[in-house]
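J.: model the following, please.
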Amino acid sequence: MRGREALTESEARRLREALNDLSELEPPPVWGRIQQKLTRPERIAPRRWAVAAAIAAAAVIGVGLWRLMPARPPAAAEPPMVALKAQAARLEGALAVMPRSRLARGDTSLAAAQLEDRLAEVDALLKVDSAVLAPRDRQELWQRRVSLLDSLVRVRYVANAEQSL
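T.: Below you'll find the predicted structure:
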């Protein structure tokens, strides 16, 4: 197809005459409904404004409440020693019933071995006389022990899941 520049004056005149000779087409019946919808005043506009105003008000209230919140949540109270020892006992019970996987992947086995080594270190520190360790240090060690036991339970669970696949 040639561009507009390539048309000669006679070709352009013939094309104009051919287009002018075309009969006008009647628009499809749906056109009347489309035209009415376009020319009719919008009845939904007040509802849209109300919805937009409600959203804006909710946003303002949300920002106001967010600004009233403290910068960071208050520090949670340290769990008491009795709760830590009970949680450690539950985790040890879970480890006792969980079989050791012989066919675990290398990285899973390495993670379990490292966790067991760290757990042995914490246990050795906890066996130190109570007079040597401050109560706060003893509580931190128990928290560390619970955390290590929890991680070990998770790693063993993964190792057993890998073995079953």
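J.: residue ranges of each domain in this structure, please.
T.: 4-68, 81-164 (automatic domain parsing).
J.: most packed of those?
T.: The highest average neighbour count among these, using mean count of other C-beta atoms under 10 Å, belongs to domain 81-164 at a mean of 14. From N, CA and C alone the C-beta is placed, and that goes for glycine too.
J.: mean confidence score for that domain?
T.: Averaging pLDDT along domain 81-164 yields 84.
J.: so is P28 in a helix, a strand, or just coil?
T.: coil (DSSP: H, G, I helix; E, B strand; the rest coil).
J.: look up phi and psi at it.
T.: Dihedral pair for P28: phi -60, psi 160, per degrees, to the nearest 10.
J.: for Q139, same thing?
T.: Residue torsions, per degrees, to the nearest 10, at Q139 are phi -70, psi -40.
J.: hmm, it is touching V82, no?
T.: No - Q139 is beyond contact range of V82, at 11.0 Å (criterion: C-beta atoms under 8 Å).
J.: list the contacts for the closest residue to L95 other than its chain neighbours?
T.: Nearest residue to L95, sequence neighbours excluded (C-beta to C-beta, 6 or more residues apart in numbering): V153, at 5.9 Å. With contact set as C-beta atoms under 8 Å, 6 or more residues apart in numbering, V153 has these partners: 91, 94-95, 98.
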